[in-house]
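> Structure, please.
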Amino acid sequence: MNLPITALFKTTLLLTLITLLSHVAQGQDKQTKFPQRSLQALRITEAPRIDGVLDEPIWQQAEIATQFIQNRPNPGVVERLPTEVRIVYDDVAIYVGAVMHDVSQDSIFRELGRRDDLGNTDWFGVFFDTYKDQINGFGFFVTPAGVQLDARYSSNGEDFSWNAVWESSAKLEGTDWVAELKIPYSAIRFSSKQEQVWGLNLMRNRQSTRERFFWNHLEPGKDGFVNQWGLLQGLKDIEAPLRLSLTPYLSGYMERFPVDGQGKVEDTHYKNDMNVSGGLDLKYGINDAFTLDMTLIPDFSQVQSDNRVLNLSPFEQQFSENRPFFLEGTELFNKGNFFYSRRIGGTPTHYGTVYDKKKYKGYEVLQNPRETKMINGTKVSGRTQSGLGVGIFNAVVGRQHAVLQDSVGDRLEVETQPLTNYNIAVFDQSLKNNSYVTLVNTNVMRQGGTYDANLTGALFRFANKENKYAVNGKAALSQRYHTDSTNLGYMYELGFGKISGNVQYNLSHSVKSDTYDPNDLGILFVNNSIEEEANISYNKYEPFWKMQSLYTTLGAVYSRRYDPNVFQNFVMYANANGTFKNFMSAGLSMNLEPVKTFDFFEPRAAGRYYVFPVNYSVNGWLSTDYRKRLAMEVGVFYRMFEENARRSLSVFLEPRFRVNNQLSFSYAFESGNRYDDIGFFANSETVNETGGTDKKIIFGLRDVNSVYNRLSGSYIFNNRMSLALRVRHNWSKVMAREFFALEPNGNLRSEAYDPETPNQNYNSFNLDMVYSWWFAPGSEISIVWKNAFEENVDTLEPRYFDNFSHTLTSPQSSTFSIKVLYYLDYLTMRSKLSKGRS
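Have a look, this model is predicted:
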């Protein structure tokens, strides 16, 4: 049964390797050379009106940037329908006027979307590298429907969670569309030099043909983004203004949640909770480069609900960050991936201790909040003229308690989280050739006897002048300070590779000691490892045959245990993905673990391991043309093992339907099935014949089935007002039917084990409905309704719809909240007061 998969895998590897070697032999690294462009900005004395009509005389006097060059699908081709951009500036802001010529209004796609959501639409973007370090930049976008987007760029990539306050307008004019932007100096950072030269690029997306154009050519085969921009010249005598803004908020919150009833609606008693709170976000420009960003008594009640699942793995579930304070302007703090922001306000440090039946014998847990409450947060960040980026972060989380009750009704309050202070400091020096050196320190200090933690890390990247080859590295030392000892751990990584061209490759070596633990403010699943990885890729960026583009990779990973130094794992992988000329995309990936490997984590016991069988996996996906009203994504994953009938099969389906430019729906379905799966079940203690205790690690042979459904819809009233709905249900069931004891050699032997609860039936359900109205720049009214249910029981509901019906009719928690944010800018208020006096 395994031969066809093995043959297919080996054939794919062989063909990929032959293609790569033949390409290397030909010595082709095709790159079209275009000279770096420059544009002269025009100083003006009277600001234009931001109305999407470029009828002021100053626009005709400014130099024109045109002849944009296609980046995809056919790189290097000059645009057929011209784009014309002019840039002017005064003492307050920089202004951009752009005209996008087209053949007809029907060819201009203009779907409405929420802020920072492009959708199926044309757009125009302008990019500024204000310190000209070729690594960091700002991006501002506008669509024909007037939707705004903005982003920060750094060595970490593109960050659309960053939001600035700026003005824009867009209008259709005959067969063309026009975008007009006003970007105040308070929205960006730049040096205090009298005459400045910035990095500049301009971008146009023409959705009807899915063509993207840049003013300064962006070579798809060249590493980096900001380093491929042109120049903006002529900026003289501009000064950073006093940057001071306040965003106070007022929030009303109502919650209704069940307190008893054993899962039956008719027997359930509910508790109602109401709360009115207020807080403040403050931004202050310390100087022309650095900004203080502070939040006092933050309210995160309206963020999107987490996608909770039944977690059978030995690792924690990692959640996405949805809180604005931790999303905006955090690119410096994310350097090196030492910072996992969900630690702040996340699960209490001692959350699980109250369930210890030995320590709290005779007690029942009444309340044990899963999250802690953040009191305040502060960020100071910026970059000097010499390219040194500095970031300081601090957050304080309050104490948290669980409530326990004994059989006579006496209650016990147990502290699960002490008062905790989180700190991060980052120093990031930008260097030539898209290179950098960075120092990071994270620190967690807890009140009382709970341990403190510290991590110090460094990372670097050095690329050659052509940005064709690069060496990179990272190292860190973790420390945990207890009352009587200190635990030290370390890690380091080194890598070298060819990072540009059609053929690219990478070699890396990494070590993580057995005591390395960054998880107090970071996240790491696997330590105690030594790993080597090598991969080579071949990419086609220009159209050929029936393809628009193609990306392929072939690689292998070999890992050993750090202590003891024994073999752990070996995996080979290959993948290919690309876009066809009809704009359908597809991908195929394969993994092969050709030898038995050793899993040191599944047993949940130090020094023990499970011998993992030889296995193969194949994953394929297909995505249709998203320009059409009905689009579809499908995916299939299959994994098989050289052990009994063990196998896994998952199917994913996501249709998307756009009713019109305002209303759209998306539905996602995924079915995952693991047949004859084997994994950790429990730790067992039994009394032997001599009266002693035998401790065993029990594994179970089980079927694990899961069904995931998500329905999303949105109605966009205009570019400032929207209504969104997201409904999600996840069901998983586990049926264990045979049990084994884990032997010291990692193998399993049959065990007569009779658990009280061999099965699990898990449900999580979330409903999020959000109404949002940006009634003024930076100011918003949001109304959110949430419904949530989570249950993990040992009684199986074998049929999905019976199970779903049970979920809907079970007691659920509901919240309703209204939040008003109002943006107050010092310069705007001063200007209005001055006009009022005059």
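
> Name the nearest residue to residue 746, sequence neighbours excluded.
In this structure, residue 746 finds its nearest non-sequential neighbour in residue 611, 3.9 Å apart by Cβ to Cβ, 6 or more residues apart in numbering. (C-beta placed from N, C-alpha, C; glycine too.)

> distance of the one you found from residue 459?
36 Å (Cβ to Cβ, to the nearest Å).

> out of the two, which sits in the busier spot?
residue 459 (21 against 15; other Cβ atoms under 10 Å).

> which element is that one on?
Taking DSSP states H and E as the definition, residue 459 sits inside strand 452-463.

> What strands flank that strand, and is each parallel or antiparallel?
strand 435-446 (antiparallel), strand 469-481 (antiparallel) (DSSP bridges).

> In JSON lines: the ones you listed, plus mean pLDDT and distance to residue 649.
Formatted as JSON lines, the strands paired with strand 452-463 follow (pLDDT from 0 to 100; distance: least, Cβ to Cβ, whole Å):
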{"stretch": "strand 435-446", "mean pLDDT": "96", "distance to residue 649": "41"}
{"stretch": "strand 469-481", "mean pLDDT": "96", "distance to residue 649": "37"}
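
> Those: which one's closest to residue 826?
With Cβ to Cβ, the closest approach to residue 826 among the strands paired with strand 452-463 belongs to strand 435-446: 32.7 Å.

> Same question for the closest one: list its buried residues.
435, 436, 438, 439, 440, 441, 442, 443, 444, 445, 446 (16 or more other Cβ atoms under 10 Å).

> Could you do stretch 41-54 as well?
Residues 41, 42, 44, 47, 48, 50, 52, 54 are the ones in stretch 41-54 that count as buried (16+ other Cβ under 10 Å).

> Strands of the stretch 101-250 of the chain, start to end?
123-129, 137-142, 148-154, 157-159, 167-173, 176-184, 195-206, 211-214, 230-236, 244-258 (DSSP state E, counting those that start in this stretch).

> what's the answer for the stretch 601-750 of the chain, then?
Using DSSP E, counting those that start in this stretch, strands in the stretch 601-750 of the chain cover 610-612, 615-623, 630-641, 647-658, 663-687, 693-718, 721-742, 748-750.

> Make a markdown table from those and add mean pLDDT to it.
Formatted as a markdown table, the strands of the stretch 601-750 of the chain follow (pLDDT from 0 to 100):
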| stretch | mean pLDDT |
| --- | --- |
| strand 610-612 | 96 |
| strand 615-623 | 97 |
| strand 630-641 | 97 |
| strand 647-658 | 96 |
| strand 663-687 | 93 |
| strand 693-718 | 94 |
| strand 721-742 | 95 |
| strand 748-750 | 95 |
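
> out of those strands, nearest to residue 492?
Judging the strands of the stretch 601-750 of the chain by Cβ to Cβ, what sits closest to residue 492 is strand 610-612, at 26.8 Å.

> Pull up the pairing partners for that closest one, direction included.
Strand pairing for strand 610-612, determined by DSSP bridges: strand 597-599 (antiparallel).

> returning to that earlier point: out of the buried residues of strand 435-446, which is nearest to residue 230?
Among these, residue 435 lies closest to residue 230 (Cβ to Cβ), at 20.7 Å.

> To what extent is the closest residue to residue 621 other than its chain neighbours buried, counted in neighbours?
Nearest non-adjacent residue to residue 621, counting by Cβ to Cβ, 6+ apart: residue 635, 3.9 Å away. When neighbours are counted by other Cβ under 10 Å, residue 635 registers 16.

> can you tell me how far residue 635 sits from residue 540?
Residue 635 sits 23 Å away from residue 540, going by Cβ to Cβ.

> again with residue 42
Taken as Cβ to Cβ, the span from residue 42 to residue 540 is 42 Å.

> Which residues does stretch 484-497 contact?
469-480, 504-517, 527 (Cβ atoms under 8 Å, 6 or more residues apart in numbering).

> if we can go back for a sec, and the strands paired with strand 452-463 as JSON lines, adding distance to residue 111?
Listed next are these as JSON lines, based on distance: least, Cβ to Cβ, whole Å:
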{"stretch": "strand 435-446", "distance to residue 111": "38"}
{"stretch": "strand 469-481", "distance to residue 111": "39"}
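
> remind me which residues of the stretch 401-550 of the chain are low pLDDT?
Along the stretch 401-550 of the chain, the parts satisfying pLDDT under 70 run over 483.

> now do 90
In the predicted model of the stretch 401-550 of the chain, residues 405-409, 434, 448-450, 481-487 satisfy pLDDT under 90.

> mind listing the strands for it?
411-417, 420-431, 435-446, 452-463, 469-481, 486-498, 503-512, 529-540, 547-561.

> Name the nearest residue to residue 401, sequence neighbours excluded.
Of all residues not flanking residue 401 in the chain, residue 413 sits nearest, at 5.1 Å (Cβ to Cβ, 6+ apart).

> tell me the secondary structure for the most centrally placed residue in the chain?
For the chain, residue 320 is the residue whose C-alpha lies nearest the centre (Cα atoms, centre = their mean; 6.3 Å). State at residue 320, reduced to three classes by DSSP: H, G, I helix; E, B strand; the rest coil: coil.

> re earlier: now the strands of the stretch 101-250 of the chain in JSON lines, with distance to residue 606, mean pLDDT and mean neighbour count?
Shown next, in JSON lines, are these (distance: least, Cβ to Cβ, whole Å; pLDDT from 0 to 100; neighbours: other Cβ atoms under 10 Å):
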{"stretch": "strand 123-129", "distance to residue 606": "50", "mean pLDDT": "97", "mean neighbour count": "24"}
{"stretch": "strand 137-142", "distance to residue 606": "47", "mean pLDDT": "96", "mean neighbour count": "23"}
{"stretch": "strand 148-154", "distance to residue 606": "39", "mean pLDDT": "93", "mean neighbour count": "21"}
{"stretch": "strand 157-159", "distance to residue 606": "37", "mean pLDDT": "88", "mean neighbour count": "14"}
{"stretch": "strand 167-173", "distance to residue 606": "58", "mean pLDDT": "96", "mean neighbour count": "18"}
{"stretch": "strand 176-184", "distance to residue 606": "56", "mean pLDDT": "97", "mean neighbour count": "22"}
{"stretch": "strand 195-206", "distance to residue 606": "52", "mean pLDDT": "97", "mean neighbour count": "21"}
{"stretch": "strand 211-214", "distance to residue 606": "52", "mean pLDDT": "97", "mean neighbour count": "21"}
{"stretch": "strand 230-236", "distance to residue 606": "57", "mean pLDDT": "96", "mean neighbour count": "19"}
{"stretch": "strand 244-258", "distance to residue 606": "39", "mean pLDDT": "90", "mean neighbour count": "17"}
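
> Can I get those in TSV including distance to residue 545?
Putting those into TSV (distance: least, Cβ to Cβ, whole Å) gives the following:
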stretch	distance to residue 545
strand 123-129	30
strand 137-142	33
strand 148-154	34
strand 157-159	30
strand 167-173	38
strand 176-184	34
strand 195-206	24
strand 211-214	20
strand 230-236	33
strand 244-258	53
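
> Compute the inter-axis angle for the strand holding residue 459 and strand 420-431.
Relative orientation of strand 452-463 versus strand 420-431 (axes from the mean of the first three to the mean of the last three Cα atoms, to 10 degrees): 10 degrees.
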